[in-house]
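Undergrad: Coordinates only, no sequence provided:
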C-alpha cells in the first residue's frame, strides 16, 4: 500500500509540474501520431484484404505442388516450380549479400571511418541503393548471362544480391552507429582486441537492427520481377539447382497477370498470396532467431 501511494503521489507531482500548454501539445501530438499510423495502415490493409480475398480460393495442395501448365490459359496446374525457384534464388542471394554487406558495414564504421577508401565504398553503396532494379538485371545479363550463353538461377541470384547489398550495408552501418562507445571502451579496458570486441560486443548489440535490415533486403529481393526477366529465363518444371532456366513467384505473377485469361489471373492472385505468406514466414523465423541470440 505504501509503495502504491508513493507511486501515485509521484505521478501526481509529475503531472502538476508540467504546464497545461505542454500537456495539450503532448496530447495533440499523440493524436496526430495515431492518425498518421491509421492512414498508413489503410492502404496496407486494403492490399492485404484484396490479395487474400482473391487468392485464398485458388490455393490448395495441388496449386502449391503441381508443375506450371504448358499454356497459361489452362485452368489446371500449380506454382510449385515457382515456389522452389523463389526459395533457391532468394536464398542464394541472401547468402551472398548479407554476410558481405555486414562485413562492409563493419569496415566502414569500425575501421574505415572517413578515409578515402571508406568514402568511396559508402558513396558507391548509396548510388547502388538508388539504381533501378531493371538496371541490375541488365548489368548481370550483360556481364554474366551473355558470355555464358544462357539464363540460370545463379544469374538471378547475382542480380538480387546486387539489389540487397546496399540495403544491408546502410542498415548495418546505421545500427553500428547506435551502439554506445562506452561498450567498446569497457571491452578495451578488459584487454579485448578490436576484432573480438566487434564480434562479441558490438554485433550482438546491433543484431536486432541488422536483422531488420536483412529482412527488408530479403523482402525486396523476393518481390523483384524486372531483374529476373533478364536473368533466369523460363521454366515450368522444378529446378532446385542454380544451373539452367528457372522461374520465381514474382515472374509468374507478372506473366500471368498481364494475360486476359481468367485462369491465369487467378493463378497470379494465388502466387501473390503465396509470396506474401512466404515472406511473412521467413521474417517470423528470422525474428525468433535474432531474439534468441539477443537474449544470450
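TA: Nice, I can see it. Quick caveat: nothing in here was measured; it's all calculated off a predicted structure.
Undergrad: Count the residues that sit near the nearest residue to residue 173 once chain neighbours are set aside.
TA: When the adjacent residues along the chain are set aside, residue 173 lies closest to residue 105, with 4.2 Å between them (CB to CB, 6 or more residues apart in numbering). C-beta: built from backbone N, CA, C; applies to glycine. A total of 27 residues lie near residue 105 under the criterion other CB atoms under 10 Å.
Undergrad: and what of residue 236?
TA: By other CB under 10 Å, the residues close to residue 236 number 18.
Undergrad: so it sits right up against residue 247, yeah?
TA: Yes: in this structure, residue 236 is within contact of residue 247 by CB atoms under 8 Å, at 7.1 Å.
Undergrad: any common contacting residues for those two?
TA: Both residue 236 and residue 247 are contacted by 68, 81, under the criterion CB atoms under 8 Å, 6 or more residues apart in numbering.
Undergrad: quick one: buried residues of the helix or strand where residue 263 lies?
TA: Assigned by DSSP states H and E, residue 263 falls within helix 262-295. Applying a neighbour-count criterion of 16 or more other CB atoms under 10 Å, the buried positions in helix 262-295 are 263-276, 278-279, 282-283, 290.
Undergrad: helices or strands up against that helix?
TA: If you count contacts as 3 or more CB pairs under 8 Å, 6 or more residues apart in numbering; DSSP states H and E, helix 262-295 packs onto helix 20-55, helix 61-65, helix 80-106, helix 203-223, helix 249-257.
Undergrad: Can you lay out the ones you listed as CSV showing mean pLDDT and distance to residue 115?
TA: Conversion of the helices and strands packed on helix 262-295 to CSV gives the following (pLDDT from 0 to 100; distance: least, CB to CB, whole Å):
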stretch, mean pLDDT, distance to residue 115
helix 20-55, 90, 40
helix 61-65, 86, 51
helix 80-106, 92, 14
helix 203-223, 86, 22
helix 249-257, 88, 39
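Undergrad: Looking at those, spot the one closest to residue 133.
TA: Residue 133 lies closest to helix 203-223 among these, at 8.4 Å (CB to CB).
Undergrad: Can you give the distance from the closest one to the centre of its chain?
TA: Computed by CA atoms, centre = their mean, to the nearest Å, the separation of helix 203-223 from the middle of its chain amounts to 6 Å.
Undergrad: For the helix or strand following it, give me every contacting residue.
TA: Using DSSP H and E, the next helix or strand after helix 203-223 towards the C-terminus is helix 226-231. Among residues not part of helix 226-231, those counted as contacts by CB under 8 Å, 6+ apart are 89, 132-134, 136-138, 140-141, 144-145, 151-152, 155-156, 158-160, 163, 248, 250-251, 254.
Undergrad: Weed out the non-buried ones from those.
TA: 89, 133, 136-138, 140-141, 144-145, 151-152, 155-156, 158-160, 163, 248, 250-251, 254.
Undergrad: ok, how many other residues are close to the nearest residue to residue 94 once chain neighbours are set aside?
TA: Closest residue to residue 94 apart from its sequence neighbours, by CB to CB, 6+ apart: residue 218 at 5.7 Å. The number of residues packed around residue 218, counting by other CB under 10 Å, is 24.
Undergrad: do the same with residue 95
TA: Using other CB under 10 Å, residue 95 is surrounded by 12 other residues.
Undergrad: rewinding a little: out of the helices and strands packed on helix 262-295, flag the one nearest residue 186.
TA: Of all the helices and strands packed on helix 262-295, it is helix 203-223 that lies closest to residue 186, at 11.7 Å by CB to CB.
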